[in-house]
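1. all I have is the shape, not the residue letters:
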């Protein structure tokens, strides 16, 4: 079945450091790919998405490119801030799945001043 | 517009007891989903309602879990009897996309979750 694998955390960075969180997936067909973020005490929020190969999703300085050849959707940010501390989840929604999301295990990011 | 509301936000119960979680979706959203995250692992799909009907309940772990959505508005998820492994965070989400359930542009709206601890 479809699955998502993302790098384990926690990840601890200093402010202004470069961030990469790796995400790879296994799926039949052409899934849509997403990054969700959960800030402390809040619900899951959609951070960015890409619906077809080579699409680049971007939001709040974060980017991720849908790479079908490597089945990857790595999350990057050039300069993290303390306010980016959160848990990040990579997810996919497959074809004809009624909107069901398949998530990775989440990566906790802690940014220190 | 009110978001997706879940309550309680936290619940601590003893093994063998019953707990009922509630989710109020955004008004007018036909699609309602339950997910849970156990022990820092991945968030797993439990089930999907379209209005009051169960569209997909393939993720329900066993018959101790019962989900209902009477009248197609709010939903409840009952765990009876609760076991230690049921501890985790239970998320609810809603969406208004009658074709697929998921709106690729706007996504779902998730609630803040209910943290369930079974001791």
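-> It's in. Keep in mind the model is a prediction, meaning the values are calculated, not measured.

2. run through the bridge partners of the residue nearest to residue B:65 when sequence neighbours are not counted.
-> Distances taken as C-beta to C-beta, 6 or more residues apart in numbering or on different chains place residue B:79 nearest to residue B:65, at 5.8 Å, with adjacent residues excluded. To be clear about C-beta, it is placed using only N, CA and C from the backbone, and glycine gets the same treatment. Counting by DSSP bridges, residue B:79 is bridged to residue B:19, residue B:65.

3. who's in contact with residue B:79?
-> B:18, B:19, B:20, B:21, B:64, B:65, B:86, B:116 (C-beta atoms under 8 Å, 6 or more residues apart in numbering or on different chains).

4. and the pLDDT at it?
-> Here the pLDDT value assigned to residue B:79 is 97.

5. measure it to chain A for me?
-> Taking C-beta to the nearest C-beta, to the nearest Å as the measure, residue B:79 falls 21 Å from chain A.

6. as CSV, the contacts of residue B:79 with distance to residue A:7 would be great.
-> As requested, these are exported to CSV (distance: C-beta to C-beta, whole Å):
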residue, distance to residue A:7
B:18, 38
B:19, 33
B:20, 36
B:21, 31
B:64, 33
B:65, 31
B:86, 28
B:116, 27
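
7. which one of those sits closest to residue B:58?
-> residue B:65 (12.4 Å; C-beta to C-beta).

8. what residues does the worst-scoring helix or strand of chain B on mean pLDDT touch?
-> Scoring the helices and strands of chain B by mean pLDDT, DSSP states H and E places strand B:109-110 at the bottom, with a mean of 88. Defining contact as C-beta under 8 Å, 6+ apart, one finds that strand B:109-110 is touched by A:36, A:43-45, B:3-4, B:26, B:29, B:91-95.

9. now restrict these to buried residues only.
-> Buried members of those, scored by 16 or more other C-beta atoms under 10 Å in any protein chain shown, are A:36, A:43, A:44, A:45, B:4, B:26, B:29, B:91, B:92, B:93, B:94, B:95.

10. so the first one lies in a strand, does it not?
-> It stands for residue A:36. Yes - Residue A:36: assigned to a strand according to DSSP: H, G, I helix; E, B strand; the rest coil.

11. mind listing what it touches?
-> A:44, A:45, A:46, A:47, A:88, A:89, A:91, A:103, B:110.

12. between those residues, which is nearest residue B:58?
-> residue A:103 (15.2 Å).

13. could you count how many residues lie near the nearest residue to the closest one once chain neighbours are set aside?
-> Leaving aside its sequence neighbours, residue A:103 sits nearest to residue B:43 (C-beta to C-beta, 6+ apart; 4.0 Å). When neighbours are counted by other C-beta atoms under 10 Å in any protein chain shown, residue B:43 registers 27.

14. would you confirm that residue B:43 contacts residue B:34?
-> No - using C-beta atoms under 8 Å, residue B:43 is not in contact with residue B:34; the gap is 10.7 Å.

15. who touches both of those two?
-> residue B:91.
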